[in-house]
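Trainee: kindly return the folded structure for what I paste below:
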Amino acid sequence: MSNRFDKMKKHVIDGYDCFISEMEMPTICTYYCGYVVVPTGRNPKLNILNSNSIACHGGITYDEVIHDLGRVIGFDCAHGGDIPPFGKWKDKAYVLTQLRYIVRQLKEMEVVKNEY
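Mentor: Residues are numbered from 1 along each chain as shown. Reported below is the predicted structural model:
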């Protein structure tokens with residue numbers, strides 16, 4: 001079964017599958033979204049992850065279970081301060097930086113798996 005992520009370029013960051021999509025607000029602009037596949041099988045703590053506990057640009061705005069992938073969390077760069085003339089446009093490099101930040105937080109959660 002195909003899903004929306006099949007059409008996106010995959011980036012692997014420290015063993016985590018990540019995706020960037022370019023979205024469009026008709027007649028206004030395009031913007032990017034970033035997604036990380038949460039590998040729940042690696043750590044029971046990630047199975048009960050509250051996506052609100054992950055810090056990233058604008059917070060987690062996407063949290064779904066996708067057939068063939070598992071749980072995917074993501075964020076978007078379509079907030080009021082992200083779009084000129086009201087703010088600075090966020091490019092792919094910025095989204096990749098945010099994806100690395102999310103992965104780093106997930107990796108830190110893996111390390112504490114023996115603490116409970």
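
Trainee: who are the packing partners of the longest helix along the chain?
Mentor: What stands out as the longest helix in the chain, according to DSSP state H, is helix 92-111. On a contact count with 3 or more Cβ pairs under 8 Å, 6 or more residues apart in numbering; DSSP states H and E, helix 92-111 meets strand 10-13, strand 16-25, strand 29-38, helix 44-47, strand 70-76. C-betas here are computed from N, CA, C, even on glycine.

Trainee: which of those sits closest to residue 89?
Mentor: The closest of the helices and strands packed on helix 92-111 to residue 89 is strand 29-38. By Cβ to Cβ, the value is 7.4 Å.

Trainee: now for the closest one, which elements pack on it?
Mentor: Looks like strand 29-38 contacts strand 16-25, strand 70-76, helix 92-111 (3+ Cβ pairs under 8 Å, 6+ apart).

Trainee: which secondary structure element of the protein has the lowest mean pLDDT?
Mentor: In the chain, no helix or strand scores lower on mean pLDDT, DSSP states H and E than helix 44-47, which sits at a mean of 60.

Trainee: so after that helix, what's the next helix or strand?
Mentor: Using DSSP states H and E, the helix or strand that follows helix 44-47 in sequence is strand 62-66.

Trainee: contact partners of that next one?
Mentor: 3-5, 33, 35, 51, 71-76 (Cβ atoms under 8 Å, 6 or more residues apart in numbering).

Trainee: report the buried members of those residues.
Mentor: Neighbour counting with 16 or more other Cβ atoms under 10 Å marks 5, 33, 35, 51, 71-76 as buried within the contacts of strand 62-66.

Trainee: by pLDDT, give me the weakest of those.
Mentor: Of all the buried ones among the contacts of strand 62-66, residue 51 carries the smallest pLDDT score, 77.

Trainee: quick check: closest non-adjacent residue to it.
Mentor: residue 60 (4.1 Å; Cβ to Cβ, 6 or more residues apart in numbering).

Trainee: my read: that neighbour touches residue 73, true?
Mentor: Yes: counting by Cβ atoms under 8 Å, residue 60 touches residue 73, with 5.2 Å between them.

Trainee: and the pLDDT at residue 78?
Mentor: On the pLDDT scale, residue 78 gets 86.
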